[in-house]
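Asker: Build me a model:
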Amino acid sequence: MKTNPVQRRLLGRFAPSPTGPLHLGNAMTFLVAWLCVRSRGGRILMRIEDIEGHGRDPAVIDGNCRDLRRLGLDWDEGYGVGGPHEPYRQSGRSALYRISLDRLLEQKLVYPCVCSRRDVQRMGAAPHAGDFHPYDGRCRGRFRSYDEARRVLEGSGRLPAWRFRVPEGEIVFRDRLCGEQRVNLAETYGDFPVARHPDGIGYQLAVVADDIDMEVTQIVRGGDLLACTPWQILLWKALAPERPLPEYCHLPVVVDSDGKRLAKRTGGLTLDALFSAGVPPERILGLLAFWGGWAEFGEELSVDAILPRFRLETLSHRRPTLDGKALKFLLP
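Answerer: The predicted structure is shown next:
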């Protein structure tokens, strides 16, 4: 992991988790990430977040990349392009995660925990339905090693989690779209899990370690990830205290006509299905631009046509919805 200060440059990233075809919500996020970087003269890298076994199908990965390119969204380094931070698939970067975990262990910031999600939910014996109690730290100092904790779970089919010791006080950061955020994790969540693997292979630790190593300075993603940003800020400060935090930008989540978030596991409307039905990229981009406030409904546009119209702030007043009107425009 790089620890020397570096000259700050604008570098954004695409970081798909290739668990299935991309849907319109994914496309909206990638479009805004591309516009945020290109409108400021920055560069983009492509990282495949495939540490989960079900996200390693080369056909799905290549399909995701192909669909983004068909929309006109390109990247300067990363998967399929190469660059100075190889490999660009998380499944090939486990050595970095082990190094990152060791740095946290040296600082006594993480410890093994055998509590399940159900255990955490039961903590505090909430007297009222819906009451939430943060993790109470019951595994702090309980085990001398990860292996000792794993023996406690032997036969359960579970592995211990590595939990991060949350400090007291507020975490304050500014999101480019959502404004100032103030969170006291000690009161609202408690110590949080960073990975459930002896070598630290897990989303929370991996994403921060990779963003530091790849020198990412701008993170644009869905608003559903805003809540875990304070976790990642604590990890960033522990792993690279000399490095400035990246800019964060969390976007409104695209929903269907019932107000439910589009998701790969439930299908949504995929880019592959639209392209297979003969829908031109300009029509898809026109709908995304309308959702962002950069086009009138019914326009068909290229990414180059959207770029001079792009204003990030208009998104704060939008609720992108894949309703009947949008479907009729896409598939008349």
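Asker: Distance of Y203 relative to G155?
Answerer: Here Y203 is placed at a distance of 26 Å from G155 (Cβ to Cβ, to the nearest Å). (C-beta placed from N, C-alpha, C; glycine too.)
Asker: and the gap between the nearest residue to E299 once chain neighbours are set aside and A186?
Answerer: Setting aside the residues directly before and after it, E299 is nearest to G286 in space (Cβ to Cβ, 6 or more residues apart in numbering), at 4.6 Å. Distance from G286 to A186, counting by Cβ to Cβ: 46 Å.
Asker: neighbour-wise, which of those two wins?
Answerer: The residue with more neighbours, out of G286 and A186, is G286; 24 against 18, by other Cβ atoms under 10 Å.
Asker: Any stretches of the stretch 151-300 of the chain with poor pLDDT?
Answerer: 264-268 (pLDDT under 70).
Asker: give me that answer again for 90
Answerer: Applying pLDDT under 90 to the stretch 151-300 of the chain flags residues 256-269.
Asker: what about the strands in it?
Answerer: Here the stretch 151-300 of the chain has its strands, by DSSP state E, counting those that start in this stretch, at 161-164, 171-175, 179-183, 192-195, 218-222, 247-251, 255-256.
Asker: Mind checking those for the one nearest to D74?
Answerer: strand 218-222 (15.7 Å; Cβ to Cβ).
Asker: Can you list the strands that the closest one pairs with?
Answerer: When pairing is defined by DSSP bridges, strand 218-222 lines up against strand 247-251 (parallel).
Asker: Take the strand it pairs with, keep the C-alpha atoms, and write them as CSV.
Answerer: The C-alpha trace of strand 247-251 is given here as CSV (Å, rounded to 0.1, in the frame of the first residue of the first chain):
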residue,chain,number,x,y,z
GLU,A,247,-14.8,13.6,-2.4
TYR,A,248,-18.0,11.7,-1.8
CYS,A,249,-21.2,12.1,-3.9
HIS,A,250,-24.2,10.0,-3.1
LEU,A,251,-27.0,10.0,-5.7
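Asker: Looking at per-residue confidence, what score does T3 get?
Answerer: T3 is assigned a predicted lDDT (pLDDT) of 39.
Asker: just R56 next, same as before
Answerer: 81.
Asker: Excluding covalently adjacent residues, which one is nearest to it?
Answerer: R56 sits nearest to D50 (Cβ to Cβ, 6+ apart), 4.9 Å away.
Asker: what's the burial count for that neighbour?
Answerer: Neighbour count of D50, defined by other Cβ under 10 Å: 22.
Asker: which residues touch it?
Answerer: Contact analysis of D50 by Cβ atoms under 8 Å, 6 or more residues apart in numbering lists 17-18, 56, 61, 89-91.
Asker: pretty sure it is in a strand, no?
Answerer: No: D50: not assigned to a strand; according to DSSP: H, G, I helix; E, B strand; the rest coil it is coil.
Asker: pLDDT at it, what is it?
Answerer: pLDDT at D50 comes out at 94.
Asker: which helix of the chain spans the most residues?
Answerer: The helix that spans the most residues within the chain, counting by DSSP state H, is helix 24-38.
Asker: Report the mean confidence score over the following helix or strand past it.
Answerer: For helix 24-38, the following helix or strand on the C-terminal side (DSSP states H and E) is strand 43-46. Across strand 43-46, pLDDT averages out at 98.
Asker: Enumerate the sheet neighbours of strand 43-46, specifying parallel or antiparallel for every one.
Answerer: By DSSP bridges, strand 43-46 pairs with strand 11-14 (parallel), strand 77-78 (parallel).
Asker: what's next to the helix or strand that comes right after it, contact-wise?
Answerer: Note on strand 43-46: by DSSP H and E, the next helix or strand toward the C-terminus is helix 58-70. With contacts defined as Cβ under 8 Å, 6+ apart, helix 58-70 is touched by 14, 16, 18-22, 27, 30, 46, 48, 50, 79-80, 89, 271-272, 275, 281.
Asker: 10 Å - rerun?
Answerer: Contacts of helix 58-70 with the rest of the structure, by Cβ atoms under 10 Å, 6 or more residues apart in numbering, involve 14, 16-23, 26-27, 30-31, 34, 46, 48, 50, 54-55, 57, 73-75, 78-81, 89, 264, 270-272, 274-275, 280-281, 284.
Asker: which parts of that helix are buried?
Answerer: 60-61, 63-65, 67-68 (16 or more other Cβ atoms under 10 Å).
Asker: cool, and stretch 20-40?
Answerer: Buried-residue list, stretch 20-40, by 16+ other Cβ under 10 Å: 20-38.
Asker: Restrict stretch 95-107 to CA atoms and write it as PDB.
Answerer: In PDB, the C-alpha atoms belonging to stretch 95-107 read as follows (Å, rounded to 0.1, in the frame of the first residue of the first chain):
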ATOM      1  CA  ALA A  95      -2.400  -9.600  -0.500                       C
ATOM      2  CA  LEU A  96      -3.200  -5.900  -0.200                       C
ATOM      3  CA  TYR A  97      -6.200  -6.700   2.100                       C
ATOM      4  CA  ARG A  98      -4.000  -8.800   4.400                       C
ATOM      5  CA  ILE A  99      -1.500  -5.900   4.600                       C
ATOM      6  CA  SER A 100      -4.300  -3.500   5.400                       C
ATOM      7  CA  LEU A 101      -5.700  -5.800   8.100                       C
ATOM      8  CA  ASP A 102      -2.200  -6.100   9.600                       C
ATOM      9  CA  ARG A 103      -1.900  -2.300   9.800                       C
ATOM     10  CA  LEU A 104      -5.300  -2.200  11.700                       C
ATOM     11  CA  LEU A 105      -4.200  -5.000  14.000                       C
ATOM     12  CA  GLU A 106      -0.900  -3.100  14.800                       C
ATOM     13  CA  GLN A 107      -3.000  -0.100  15.900                       C
END
